[in-house]
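K.L.:
Could you work out the structure for the sequence below:
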Amino acid sequence: MNPLRRHASSRNPSPRTVPIEALLASGPASVEDARPHRFWLFWSQLADEAARILAAPLDRLAPGRRWVLGDTGNGFEVHKVRGRHVARMGRIADGAAGQDAPWLRDLRTADQVELRIEPALVVRQTLPLPTESAPFADAVVQHRLERLTPWRVGDVVYGLALVPGERDGTLGIDVLATSREIALGALRRLDGLGVRPSALGSAAEPLAEPLGVNLLAGGSMGRMRTRRHRRLRRFCLLALPLTLVVFLASLIAQVWAQGDLDAASTALERQRSAIQARAATGNDATVAALLADKTVDGATFVFLDRLAAALPDDTFLTDLEITPERVAIKGRSADAPALVPVLEGAAGLRDVQFQSAVTREARGGDRFDIAATRAPSAENPP
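P.N.:
Residues are numbered from 1 along each chain as shown. Model (predicted):
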């Protein structure tokens, strides 16, 4: 038999499909059944916890609907609770299974139904316990069960919940107990109306609050699985493997990318070291010249700024040609001969010469054609 199928068949069936008596039968899962598929159990528990984490904010934003049925002895008072809002729906009398209240169908299909019996039929006590003894709370209650209840130990149905105490290193065990006969009587009467509860507790607890202690199978320490929780759990069972695959793929891609980056960085460092060595020894004049030329003063945009600042306001350029060694300038000026000392001074040019005669225009001004040599930077003299 397939281990996963065997595990699925060994899980507790839905409360609606088991006998009434089985709802009060508690006990841990068989360790022997868990051994063949321990990984699946771990993965299932992980998905279960993830579903509870996701359900917490959803329950705050859109609280689930709970049905609370209070046992009156000959019927049940029905309330519908959503968040902190409590609405009384009506009363169901014993033997009235055929009644057609509009909300009865929703009640029969609901997954959060709490049956609360009269406080006089249950025993409730709080026992102090050291904080470090919390894992042994159930054993402590079983040891004291005979003194806590008026029924025989074999006939007692009980549940417990841990209550945080003060700052004195203790906590409390909230114990709720009743007889099996009382609990089964209420469950059978409710089952006759076509309703199966998901929790059984005391009517003394506030309607707006979920039951603190659940007497059904698993006790209060087991958390109920609502329809929302089951859907989130199925989603997590599928999403968690995909998330793991994506994480591993991204990790592998990151390792490969880091390897390529390290290789490229190493090659670049080698090339830089080689260029620096060749420039330092003077074995390669071309490389040294290129490195020497890469200065701020030798940049073309710096030369253009100097040239624009040096030319008078009455001078306009019509053509400008710049090479690493020479500059050719054409244009109009009010006094073209006066441009020679200006270009040799502020503009930083050498050998400034007119390439053709200066032409005087009829409307005033001189048309000129000048060529010059770019002077080397001060940091890198020739």
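
K.L.:
In this structure L320 contacts A328, no?
P.N.:
Yes - L320 is in contact with A328 according to CB atoms under 8 Å; the separation is 7.4 Å. In short, each C-beta sits where N, CA and C put it, glycine included.

K.L.:
Give the residue spans of the stretch 251-382 of the chain that score low on pLDDT.
P.N.:
279-299, 376-382 (pLDDT under 70).

K.L.:
how about the strands of it, start to end?
P.N.:
Using DSSP state E, counting those that start in this stretch, the strands of the stretch 251-382 of the chain run over 315-322, 326-333, 349-354, 359-360, 366-374.

K.L.:
any chance of the ones you listed in CSV, plus mean neighbour count?
P.N.:
As requested, the strands of the stretch 251-382 of the chain are exported to CSV (neighbours: other CB atoms under 10 Å):
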stretch, mean neighbour count
strand 315-322, 12
strand 326-333, 18
strand 349-354, 15
strand 359-360, 12
strand 366-374, 18
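
K.L.:
Using TSV, lay out those strands together with distance to I53.
P.N.:
Shown next, in TSV, are the strands of the stretch 251-382 of the chain (distance: least, CB to CB, whole Å):
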stretch	distance to I53
strand 315-322	68
strand 326-333	73
strand 349-354	75
strand 359-360	88
strand 366-374	71
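
K.L.:
do you know which of those lies nearest L115?
P.N.:
Across the strands of the stretch 251-382 of the chain, L115 has its closest neighbour in strand 315-322 (95.0 Å, CB to CB).

K.L.:
So what angle separates the directions of that closest one and strand 366-374?
P.N.:
40 degrees (axes from the mean of the first three to the mean of the last three CA atoms, to 10 degrees).

K.L.:
what comes into contact with strand 315-322?
P.N.:
Contacts of strand 315-322 with the rest of the structure, by CB atoms under 8 Å, 6 or more residues apart in numbering, involve 300, 303-304, 311, 327-334, 339, 374.

K.L.:
ok, that strand: who's next to it in the sheet?
P.N.:
strand 326-333 (antiparallel) (DSSP bridges).

K.L.:
how far does the partner strand sit from the chain's center?
P.N.:
66 Å (CA atoms, centre = their mean, to the nearest Å).

K.L.:
so what's A372 closest to, chain neighbours aside?
P.N.:
L349 (3.9 Å; CB to CB, 6 or more residues apart in numbering).

K.L.:
Next: V163.
P.N.:
G172 (4.0 Å).

K.L.:
which ones are touching the one you found?
P.N.:
G172 neighbours (CB under 8 Å, 6+ apart): 126-129, 162-165.

K.L.:
picking up where we left off before, tell me which of the strands of the stretch 251-382 of the chain sits nearest to A50.
P.N.:
strand 315-322 (68.0 Å).

K.L.:
send the alpha carbons of that closest one over as CSV?
P.N.:
Provided in CSV are the C-alpha atoms of strand 315-322 (Å, rounded to 0.1, in the frame of the first residue of the first chain):
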residue,chain,number,x,y,z
THR,A,315,33.7,88.1,-31.9
PHE,A,316,31.6,85.4,-33.5
LEU,A,317,32.8,82.0,-34.8
THR,A,318,31.4,80.5,-37.9
ASP,A,319,33.6,77.4,-38.1
LEU,A,320,35.6,75.6,-35.5
GLU,A,321,37.8,72.5,-36.0
ILE,A,322,39.7,70.8,-33.1
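
K.L.:
Helices along this structure, start to end?
P.N.:
3-10, 31-34, 38-61, 104-109, 137-148, 180-191, 227-281, 285-293, 300-310, 339-345 (DSSP state H).

K.L.:
And the average pLDDT for the shortest one is what?
P.N.:
Confidence over helix 31-34 (mean pLDDT, whole number) is 41.

K.L.:
got a pLDDT number for V18?
P.N.:
pLDDT recorded at V18 is 65.

K.L.:
repeat for A120
P.N.:
Confidence at A120, expressed as pLDDT, is 92.

K.L.:
give me the number of residues near it?
P.N.:
9 (other CB atoms under 10 Å).

K.L.:
what does A137 give?
P.N.:
Using other CB under 10 Å: A137 sits among 19 other residues.

K.L.:
what's the answer for L261, then?
P.N.:
L261 has 10 nearby residues by other CB under 10 Å.

K.L.:
Offset the numbering so it begins at 203, please.
P.N.:
Done: numbering now begins at 203, and the last item shifts to L463.

K.L.:
Any figure for the gap between it and A476?
P.N.:
Separation of L463 from A476 (CB to CB, to the nearest Å) stands at 21 Å.

K.L.:
re the thing from before, between the strands of the stretch 453-584 of the chain, which gets nearest to V359?
P.N.:
For these, proximity to V359 was assessed by CB to CB; strand 517-524 is nearest, at 99.4 Å.

K.L.:
Give me the domain ranges for this protein.
P.N.:
Listed by automatic domain parsing, the domain ranges of the chain are 205-322+382-420, 435-485, 502-576.
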